[in-house]
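J.: no sequence on this one, just coordinates:
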């Protein structure tokens, strides 16, 4: 699909091709047309097509439904662009008027407001009479400060002076989740590239897309997926539109925003700030956990195998290049092997294995219609099963067999998410380490 080609034109082209193939005696199902349509659209549909493929059952989707979703996506983007153009047109008109009339009379409320707000008129706000040079200057400063912060809602990066560590702006004007900080990503696919256009028509590069992992007060983990990595961005942004597309529920009432996941469990609650922004202070999953897990693994290798780890190959993720991790490896005599920046292919074995684990966990959750809060349980179970399954990396064996030199037992395997109803009805989530017991959920 070309960048200048419309959805209607492209869908009509696919329909004609499909009819010709059917006329030649070939079988062309709707699912084939749907997949072709999703995977051959231009880059501007990347976010919506990825969401449909990940969270929808394509077998239940018709071609007309997919076309409708793509059209709705384009209309929404056009609506945002028109608002942005109107906003900046108002600003420019205000500046031009002041340049032409530098000696404006003071004392009239309308003139003071127009000068203080730089051409932006605020509806529904009662402002008292402003008199005196000093009062007018103070009013101008306050208005300009408010105006600078409001720019975030029209997809313009906020200024540097409002960046707060682990703060995420909940934005209705952003089309995608975005972050300019590499350290927040738990996983990052640097092969996903593109460009983002802001309200002032500036364009900056997308250098990857990944997953951000948050830690709740209950020690559970929440996942924010499909997050773009944009190094030049000066803030972290959560797109409410993207959350809504993934069946999350967003409620704003009495100056409080509440966000619920697909299971309608409350995951975020934020009070509106004085500048009319909703900013969530979210805690990232502790990356020091990586060092703790590595220490445990090192000890287990030494105790169980009587061997020492000599080298350790990783990417340049924040958890691996931290000073604490570096100092520990130096003190233990472990040689560090780091991949070149933006070159995940240099660590291809791990990257492919990670993808296998993630896709396996996603399939298990989706097949049993379980909420994302059980992501950690699904990942742990996927790793448990893969370690006891044959792989090309171990000739005629399994990773468990290579580590412990004995054949693993698999007779106790159960289907993830199945019901255990001998006594109290529970849901099977995985296998408990160190015991012959299962991890069960009592709903």
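T.: On my side now, so go ahead. A quick note: this is a predicted structure, and the numbers were derived from the prediction, not measured.
J.: which parts of whatever helix or strand residue 223 lives in are buried?
T.: Residue 223 belongs to strand 221-229 when assigned by DSSP states H and E. Going by neighbour count (16 or more other CB atoms under 10 Å), the buried part of strand 221-229 is 221, 222, 223, 224, 225, 226, 227, 228, 229. For glycine as for every other residue, the C-beta is placed from the backbone atoms N, C-alpha and C.
J.: go on, stretch 196-208?
T.: In stretch 196-208, counting by 16+ other CB under 10 Å, buried: 196, 198, 199, 204, 206, 207, 208.
J.: Please apply the same query to stretch 414-427.
T.: 416, 417, 426, 427.
J.: got the contact list for it?
T.: Here stretch 414-427 makes contact (CB atoms under 8 Å, 6 or more residues apart in numbering) with 364-365, 367-368, 370, 378, 381, 428-430, 438, 440-443.
J.: now those residues: which count as buried?
T.: Buried, going by 16+ other CB under 10 Å: 364, 365, 370, 378, 381, 428, 429, 430, out of those.
J.: quick one on the thing from earlier: between the buried residues of strand 221-229, which is closest to residue 291?
T.: residue 221 (17.7 Å; CB to CB).
J.: coming back round to it: other SSEs contacting the strand holding residue 223?
T.: Counting contacts by 3 or more CB pairs under 8 Å, 6 or more residues apart in numbering; DSSP states H and E, strand 221-229 is packed against helix 46-55, strand 177-179, strand 185-189, strand 209-215, helix 375-386.
J.: which one of these is the most hemmed in?
T.: strand 177-179 (a mean of 23; mean count of other CB atoms under 10 Å).
J.: that older thread, quickly check the buried ones among the contacts of stretch 414-427 for the two that are furthest apart.
T.: Greatest spacing in the buried ones among the contacts of stretch 414-427, by CB to CB: 365 and 428 (13.2 Å).
J.: Out of the buried ones among the contacts of stretch 414-427, which is nearest to residue 70?
T.: Set against residue 70, the nearest of the buried ones among the contacts of stretch 414-427 by CB to CB is residue 365 (26.3 Å).
J.: so how far is residue 189 from that closest one?
T.: Plainly put, residue 365 is 20 Å away from residue 189 if you go by CB to CB, to the nearest Å.
J.: on that earlier part again, possible to save the helices and strands packed on strand 221-229 as JSON lines with distance to residue 305 and mean pLDDT?
T.: As requested, the helices and strands packed on strand 221-229 are exported to JSON lines (distance: least, CB to CB, whole Å; pLDDT from 0 to 100):
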{"stretch": "helix 46-55", "distance to residue 305": "39", "mean pLDDT": "66"}
{"stretch": "strand 177-179", "distance to residue 305": "40", "mean pLDDT": "92"}
{"stretch": "strand 185-189", "distance to residue 305": "29", "mean pLDDT": "81"}
{"stretch": "strand 209-215", "distance to residue 305": "31", "mean pLDDT": "85"}
{"stretch": "helix 375-386", "distance to residue 305": "19", "mean pLDDT": "91"}
